[in-house]
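Participant: Turn this into a structure:
(chains A and B)
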2 protein chains.
Amino acid sequence: MTETGWRDRPSEILRVGEGFDLGTFDTRATPGFTGGKVEGKAARARLGERLSDLQEMLYAEGRSGGGRAVVLVLQGMDTSGKGGISRHVLGMVDPQGVAVRSFGAPTPEELQHHYLWRVRRALPRPGRIGVFDRSHYEDVLVARVARLVEGDPWQHRYAEINRFERETEAAGITVVKIALMISPEEQLARLGERLERPEKFWKYDPSDLDARERWDEYMHAYQDVFDATSTSSAPWHVVPADRKWYARLAVTQLLVDTLEDLHLSWPEATFDVGAERARFRALLPVDDAVAG
Amino acid sequence: MTETGWRDRPSEILRVGEGFDLGTFDTRATPGFTGGKVEGKAARARLGERLSDLQEMLYAEGRSGGGRAVVLVLQGMDTSGKGGISRHVLGMVDPQGVAVRSFGAPTPEELQHHYLWRVRRALPRPGRIGVFDRSHYEDVLVARVARLVEGDPWQHRYAEINRFERETEAAGITVVKIALMISPEEQLARLGERLERPEKFWKYDPSDLDARERWDEYMHAYQDVFDATSTSSAPWHVVPADRKWYARLAVTQLLVDTLEDLHLSWPEATFDVGAERARFRALLPVDDAVAG
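Facilitator: Numbers count the residues shown, from 1 in each chain, chains lettered A, B, ... in the order given. Coordinates of the predicted model:
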């Protein structure tokens, strides 16, 4: 792995395992990567080409009758960089094969349905990489911390979510779950930037500062989510995100590894290659046909 | 316009006007642009930054309650480069704000509906740039040439399409119509590449060669479409596409011009900026707060 700059595979080192503790998690670290920002950016650019090739193969498979797809579930506190992942990681591949969906507060229509209803509908079509900017996990994170739901349905919901993800995987859609973790200090600095520049105002919401007051409750809810929903087929990857370059590189590598694991190949021809080539040659101008 | 490399605005020079004749159209030309391939690629890269800024402003407007959107309708014969536009033009902006939709042969469900049904459903959401890779125009192009529909409904459909586009524009969605035009010789060369390389087989369909036999009929159908549906609010732009660099540059410029014409601006703050900045400063560590 050394030529990639990785000492350890991010799919292993960032994966939530037994005894994972968010309380001691270092959001400024760059686990597994041997270089700094300059090397990290260069590594992501190189990986982008591989990602682009793999994505095209997945898309080709989808166009040729295959049913597989990938969905990248992105969670994280405000300003943790979810939008930057869409832009700087998925931005490296053909937009034709990507579908980004942001989940905000549910609409009146969505509220009339089960909380997984809008998520099921947003699953990527065959051959696509779907990106969920927030997801069904909001229904066990903000819903819990901001007390949007009565009672104590969390254990029930974790089980429901695990079942939903198993069904999704059984339908051929690989679920990649990523939590971008920043420190409260880093968040404060990023919110400050949004408040400073008028072209960033639209990204700012006064409730972002309110949520900070419940930081510990959020971390507690995240820890419970990791404990309950990091399954062997759909594990969580917790990515330190104070350093944007590292988070983007790590997610790119995770996506590349996921696609590699699908053992994609170019679809076989669905036509008689020899016959079509002959038809083609017959259409060439006489000079070319003789030369060919 | 000279610093951009354009002698004439593509929105004017490529626009279908009175007396437009596809029969004398030069698919290898580079109308309005003063440079060659090298200058063209550099000009597109520069324009990409402007496109990206404008797209973000449109997206910000959409996220802040605005209803406007843009839909790019791409038509053209097989291999004319519609996919390349998605990748190389829309690929320059944040995938979060882009939704690409390919219209293939209608599915059984789609066939049970009016031909505009699936198109209406695919219109971009507020703040988005939608891309239609083929569109409702297939219903007056392939439907006509391959005789998929009985009778002679074409005049009726043109009127229906014009009405549909007027309604779409009235709903705040700007319709940008682009036809990429290649020569039969250029198409043959491009089909040859698909037949040569196994990683391109999935893009090849034997019916592509069949369609060539009806090239003149297709050109006739295109001419009728241009005559009947190039309206003042949603005109057609016919782009010579034998040179990919030119077609991509021209579409980028058309998209930039379209977005410029929307007179976008960053959304006003929906909160009290002074009060939020004060809240923010109160949260800073003491040293920073004093310094600030």
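Participant: quick one, helices of the stretch 151-292 of chain A?
Facilitator: Listed in chain order, the helices of the stretch 151-292 of chain A (DSSP state H, counting those that start in this stretch) span A:154-170, A:184-196, A:206-212, A:215-229, A:244-261, A:273-283, A:286-291.
Participant: Neighbours of residue A:18, how many?
Facilitator: 6 (other C-beta atoms under 10 Å in any protein chain shown). C-beta: built from backbone N, CA, C; applies to glycine.
Participant: how about it, secondary structure?
Facilitator: Secondary structure, DSSP: H, G, I helix; E, B strand; the rest coil: residue A:18 is coil.
Participant: For residue A:230, see how far away it is.
Facilitator: Here residue A:18 is placed at a distance of 10 Å from residue A:230 (C-beta to C-beta, to the nearest Å).
Participant: same deal with residue A:270?
Facilitator: 40 Å.
Participant: residues from the stretch 151-292 of chain A in reach of chain B?
Facilitator: Within the stretch 151-292 of chain A, the positions adjacent to chain B are A:188, A:191-192, A:195, A:198-199, A:201-206, A:209, A:212, A:266-271, A:273, A:276-277, A:279-280, A:283-284 by C-beta under 8 Å from any C-beta of the partner chain.
Participant: now do 6 Å
Facilitator: Residues of the stretch 151-292 of chain A that fall close to chain B, judged by C-beta under 6 Å from any C-beta of the partner chain: A:192, A:195, A:198-199, A:201-202, A:206, A:209, A:266-267, A:269, A:271, A:276-277, A:279-280.
Participant: PyMOL command to pick out the buried ones of the residues you listed?
Facilitator: Here is the PyMOL command that selects the buried residues among those (16 or more other C-beta atoms under 10 Å in any protein chain shown):
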select buried, chain A and resi 192+195+201+202+209+266+267+269+276+280
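Participant: Show me which of residue A:270 and residue A:230 is the more surrounded one.
Facilitator: residue A:230 (20 against 12).
Participant: so the more buried one touches residue A:224, yeah?
Facilitator: No: taking contacts as C-beta atoms under 6 Å, residue A:230 lies outside contact range of residue A:224: 11.0 Å.
Participant: before we move on, the earlier item: could you tell me the least trusted of the helices of the stretch 151-292 of chain A?
Facilitator: Sorting the helices of the stretch 151-292 of chain A by mean pLDDT places helix A:286-291 lowest, at a mean of 54.
Participant: any idea of the pLDDT on the nearest residue to residue A:160 once chain neighbours are set aside?
Facilitator: Ranked by C-beta to C-beta, 6 or more residues apart in numbering or on different chains and with sequence neighbours excluded, the top spatial neighbour of residue A:160 is residue A:116, at 7.1 Å. Predicted confidence (pLDDT) for residue A:116: 98.
Participant: count of neighbours near residue A:116?
Facilitator: Neighbours of residue A:116 (other C-beta under 10 Å): 15.
Participant: With residue A:275 instead?
Facilitator: 10.
Participant: Quick one: residues contacting it.
Facilitator: Shown in contact with residue A:275 (C-beta atoms under 6 Å, 6 or more residues apart in numbering or on different chains): no residues.
Participant: Return the distance of it relative to residue B:187.
Facilitator: In terms of C-beta to C-beta, residue A:275 sits 19 Å off from residue B:187.
Participant: swap in residue A:256?
Facilitator: For residue A:256, the distance to residue B:187 - C-beta to C-beta - is 35 Å.
Participant: Dihedrals phi and psi, residue A:182?
Facilitator: Main-chain dihedrals, residue A:182, degrees, to the nearest 10: phi -120, psi 170.
Participant: pretty sure it is touching residue A:27, no?
Facilitator: Yes: contact status for residue A:182 versus residue A:27: in contact at 5.3 Å, counting by C-beta under 6 Å.
Participant: ok, the two, which is more surrounded?
Facilitator: residue A:182 (25 against 21).
Participant: I'd like to know how far that one sits from residue A:254.
Facilitator: 18 Å.
Participant: Then residue A:5?
Facilitator: 14 Å.
Participant: what's the neighbour count on residue A:67?
Facilitator: 12.
Participant: same check, this time on residue A:9
Facilitator: 15.
Participant: ok, now residue A:95?
Facilitator: There are 24 residues near residue A:95, going by other C-beta under 10 Å.
Participant: Contacts only, for it.
Facilitator: B:86, B:90-91, B:95, B:98, B:100.
Participant: okay if I get those residues as CSV plus pLDDT and secondary structure?
Facilitator: Shown next, in CSV, are the contacts of residue A:95 (pLDDT from 0 to 100; DSSP: H, G, I helix; E, B strand; the rest coil):
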residue, pLDDT, secondary structure
B:86, 94, helix
B:90, 96, helix
B:91, 94, helix
B:95, 95, helix
B:98, 96, strand
B:100, 96, strand
